[in-house]
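**Q** prediction below, plus the sequence it came from.
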Amino acid sequence: MIGLFSRLLTRSPGEGGGATADAPAAAGSSAPDGASAGVPVAARRQSEALSYFIKDLWEENPVFRGLLGMCPTLAVTAAVKPALTMGLAATFVIVCSNALVSLMRNALTPHLRILMFTLTISVFVTIADLFLKAFMPEMSEVLGPYVPLIIVNCMIIARAESCASKKGVVISIFDGLGTGFGFTLAIIMLATIRELLADGAWFGFRILPDWWVPWTVMKLPAGAFLTLGFMLAVIIHLHARKQAKQAA
Amino acid sequence: MSGVTDLIIAFLSIALVNNLVFTKFLGICPYLGVSKKTDMAVGMGLAVTFVLTLSAAMTWMINNLVLIPLDLGFTKYIVFILVIASMVQLVEMYVRKFYPGLYQSFGIFLPLITTNCAILGTCLFIDLWGYGFLKAVVAGFGGGLGFTMAIALMAGIRERLELAEVPRPLQGAGITLVAAGILTLAFMGFSGMVR
């Protein structure tokens, strides 16, 4: 899966935008299937938004490449279900806050901007938290204070600072979607490994045979650190191999 | 149980048994980011301890004396983060004015602390556990010291790791996380001592 993703998403946004500006008629195919195909969009603005989405999803994945949002990454990945809930909640918050920050980007003053970002984010986190408490009370119990802790998730502040406070609303929304889904993807991968090793299960259903002895340490904090450490190693290795191949 | 024993247990609980970094995953970003040199790590840890103790007291007072009586509990997160941000700002201004030497040594870490989840997280956990005022302050102080210990230990390990031959893909964040995992395993020895 990793190989497939990195092969599909090797294009950087700069290249994508440039290529589409030179050959706008390249639209047609549904995915960039090689070095020559352009990003499949009609307008340049759309292509920029899409390239932000794709870049954030894997190439600059907030967790694996940016090492952002580490606290929830480690804390909620003991099983897949809380990880998915957390990922979707964070996606909602980042899309809404990116949109709002982008709308008020001309009114921001430099020394108050971080405070404004944090306040915007905490409003949407409150909405997400109340929603979870009302409609998914058990899940809200499991996640506990890690939902309000989305407020200080550096990933969301980083996107507000480096994208939403500079770009238009559409691009910011796509950037939020890409970052949010990239984060969800990363924590689900981590949770899958941990839940399989700890319980022999996925999404609460036991799938490994009976002889599998649960590896309890994977469920504990130590397992979170170790799994993420080795996953980073695998991803850095694949990345280095790809770069070596491109250089050759 | 007498009051003082209760406070000592709360302190030990949050500093060792329920250490913020090792069991609650709070403050992981500075734990991984600022733990290259021991003196920097200790500086960061002490700055966190200072702000955390003050914020624990302030948020407890605002939450229990203002928000709950006025039935404004749903604005808790917004108010907490505002309190922490203004606290950090105040501490920074105060330290710069009256203790320039101290500002030189840990001033650069202060702006970073606003977005340190250890602060907000501890305040939220204190609220969740329903601590009284003194216990909340002690827990804030203990949590900060526990964080300082964790980040200083990690910095010591990383200074040694620089001399070791690490496989290339594991270099950087990878080996740091693996070392943190092993350190966490060691700290599991404290689990079950107190709740």
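**A** Noted; the coordinates are in hand. Given the structure is predicted, the values throughout are model-derived calculations rather than measurements.
**Q** and B:M40, what element?
**A** helix B:38-61 (DSSP states H and E).
**Q** whoops, I mixed them up, A:V213
**A** Using DSSP H and E, A:V213 maps to neither a helix nor a strand.
**Q** neighbours around it, how many?
**A** When neighbours are defined as other CB atoms under 10 Å in any protein chain shown, A:V213 has 8 of them. From N, CA and C alone the C-beta is placed, and that goes for glycine too.
**Q** repeat that for A:V123.
**A** 17.
**Q** next one: A:S140
**A** 18.
**Q** in a helix, it, correct?
**A** Yes: counting by DSSP: H, G, I helix; E, B strand; the rest coil, A:S140 is located in a helix.
**Q** distance check, it against chain B.
**A** 12 Å (CB to the nearest CB, to the nearest Å).
**Q** from A:E138, how far off is the residue nearest to that residue when sequence neighbours are not counted?
**A** Using CB to CB, 6 or more residues apart in numbering or on different chains and skipping the chain neighbours, the partner closest in space to A:S140 is A:L132 (4.3 Å). Separation of A:L132 from A:E138 (CB to CB, to the nearest Å): 10 Å.
**Q** residue ranges with poor pLDDT in chain A?
**A** Residues of chain A meeting the criterion pLDDT under 70: A:1-43.
**Q** tell me where it has strands.
**A** Using DSSP state E, the strands of chain A run over A:201-202, A:205-206.
**Q** for chain B, just list every one of the helices.
**A** B:3-12, B:20-24, B:28-33, B:38-61, B:76-98, B:100-106, B:110-113, B:117-129, B:133-161, B:173-187 (DSSP state H).
**Q** and A:L226, which of those helices is closest to it?
**A** Proximity to A:L226 (CB to CB) singles out helix B:173-187 among the helices of chain B, at 3.7 Å.
**Q** list the contacts of the closest one.
**A** A:67, A:217, A:220-226, A:228-230, A:232-233, A:236, B:16, B:19, B:22-23, B:31-32, B:35, B:150, B:153-154, B:157-158, B:161, B:166, B:170 (CB atoms under 8 Å, 6 or more residues apart in numbering or on different chains).
**Q** mind checking which of the strands of chain A is nearest B:K76?
**A** Here strand A:201-202 is closest among the strands of chain A (CB to CB), at 34.8 Å.
**Q** mind giving me the packing neighbours of that closest one?
**A** For strand A:201-202, the contact count by 3 or more CB pairs under 8 Å, 6 or more residues apart in numbering or on different chains; DSSP states H and E identifies helix A:169-199 as packing neighbours.
**Q** could you give me the buried positions within the helix it packs on?
**A** Buried positions in helix A:169-199, judged by neighbour count with 16 or more other CB atoms under 10 Å in any protein chain shown: A:169, A:171-199.
**Q** off-centre distance for that helix?
**A** Distance of helix A:169-199 from its chain centroid, counting by CA atoms, centre = their mean, to the nearest Å, is 4 Å.
**Q** picking up where we left off before, in a markdown table: the helices of chain B, plus mean neighbour count.
**A** As requested, the helices of chain B are exported to a markdown table (neighbours: other CB atoms under 10 Å in any protein chain shown):
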| stretch | mean neighbour count |
| --- | --- |
| helix B:3-12 | 15 |
| helix B:20-24 | 26 |
| helix B:28-33 | 22 |
| helix B:38-61 | 22 |
| helix B:76-98 | 18 |
| helix B:100-106 | 14 |
| helix B:110-113 | 19 |
| helix B:117-129 | 24 |
| helix B:133-161 | 21 |
| helix B:173-187 | 20 |
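**Q** would you turn the ones you listed into JSON lines with mean pLDDT?
**A** Below are the helices of chain B laid out as JSON lines (pLDDT from 0 to 100):
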{"stretch": "helix B:3-12", "mean pLDDT": "89"}
{"stretch": "helix B:20-24", "mean pLDDT": "88"}
{"stretch": "helix B:28-33", "mean pLDDT": "82"}
{"stretch": "helix B:38-61", "mean pLDDT": "89"}
{"stretch": "helix B:76-98", "mean pLDDT": "87"}
{"stretch": "helix B:100-106", "mean pLDDT": "75"}
{"stretch": "helix B:110-113", "mean pLDDT": "74"}
{"stretch": "helix B:117-129", "mean pLDDT": "91"}
{"stretch": "helix B:133-161", "mean pLDDT": "93"}
{"stretch": "helix B:173-187", "mean pLDDT": "90"}
